[in-house]
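Asks: What shape does this take:
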Amino acid sequence: AYDSTRAASPSVLEPLRLALAGAPLRELLDIGGGTGNYALALVEEEWKPVVADRSAQMLAHAAAKGLDTVRADATELPFADESFDAAMLVSMLHHVDAPERALAEARRVLRPGGSCWRSCTERGASPSSSQICATARWRRCSATPSCCSTPSAARRRATSSACSATIRRSCAKAWHAWSA
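Replies: Numbering: from 1, shown residues only. Purely as a prediction, here's the structure:
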């Protein structure tokens, strides 16, 4: 029943694919990945995902789909530093008491040049996850301003006279990272 209401949505997969495109290799950590719907969709694109979730029941569903799973809390991932080429946190930060720690853990397990992305939902959000998610649906797990959190927005705002110099510099840096 859960999978029928939480299938991998094309409206989420499209920006997710774009977000992960710059990863150096194909090892992916799906943090808070639940039953693995998004991880499974990326297997078809030759990603090698590991689904990490604190729910043994959710992980059992992911394992039944043939996915590698690890029972773990997003704020204390049981992986060595620089273990993955990419990490994703899809609509899960509202389930975490300390979302900033989950994001720090996601960055910690990334290899140099790795891609870390998150999507947010306000449903049942804690005050700290609401602040982290702010207005952006998809954001790089870095200090990139929310107004330049996609390649097209970064490019547009990097040259916009309506933006402050600080925002233009941040967006230009983000745009160059995406186009490299």
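Asks: just checking, what packs against the strand ranked longest in the chain?
Replies: Assignment by DSSP state E gives strand 110-119 as the longest strand of the chain. In terms of contacts (3 or more CB pairs under 8 Å, 6 or more residues apart in numbering; DSSP states H and E), strand 110-119 is packed against helix 10-20, strand 84-90, helix 99-108, strand 138-140. C-beta here means a position set from N, CA and C on the backbone, and glycine is covered the same way.
Asks: Show me what the second one pairs with in its sheet, parallel or antiparallel.
Replies: Based on DSSP bridges, the strands next to strand 84-90 in the sheet, each with its direction, are strand 27-31 (parallel), strand 110-119 (parallel).
Asks: follow-up on the earlier one: figure out which of the helices and strands packed on strand 110-119 is closest to residue 75.
Replies: Of all the helices and strands packed on strand 110-119, helix 99-108 sits nearest to residue 75, with 4.0 Å by CB to CB.
Asks: what's the distance between the closest one and the middle of its chain?
Replies: Chain-centre distance of helix 99-108: 11 Å, with CA atoms, centre = their mean, to the nearest Å.
Asks: what's the answer for stretch 19-29, then?
Replies: 11 Å.
Asks: same thing with stretch 11-25?
Replies: 9 Å.
Asks: Ok, stretch 74-93 next?
Replies: 9 Å.
Asks: Return the set of buried residues in that stretch.
Replies: 74-75, 77, 79, 83-93 (16 or more other CB atoms under 10 Å).
Asks: Okay, and the residue sitting furthest away from the middle of the chain sits in which element?
Replies: Largest separation from the mean C-alpha position in the chain: residue 161, at 30.1 Å (CA atoms, centre = their mean). Counting by DSSP states H and E, no helix or strand carries residue 161.
Asks: Just the pLDDT at it, thanks.
Replies: The pLDDT attached to residue 161 in the predicted structure is 72.
Asks: so what's residue 88 scoring on pLDDT?
Replies: Looking at residue 88, the pLDDT reads 91.
Asks: right, I mislabeled it, should have said residue 96
Replies: 85.
Asks: Could you report the neighbour count for it?
Replies: 22 (other CB atoms under 10 Å).
Asks: Spatially nearest residue to it (excluding sequence neighbours)?
Replies: Excluding its sequence neighbours, the residue lying closest to residue 96 (CB to CB, 6 or more residues apart in numbering) is residue 102, at 4.9 Å.
Asks: Return the member of the helices and strands packed on strand 110-119 having the minimum mean pLDDT.
Replies: For the helices and strands packed on strand 110-119, where the average pLDDT is lowest is strand 138-140, sitting at a mean of 46.
Asks: pLDDT weak spots in the chain?
Replies: 1, 120-151, 153-154, 162-168, 170-171, 173-180 (pLDDT under 70).
Asks: Fine by me, we can end here.
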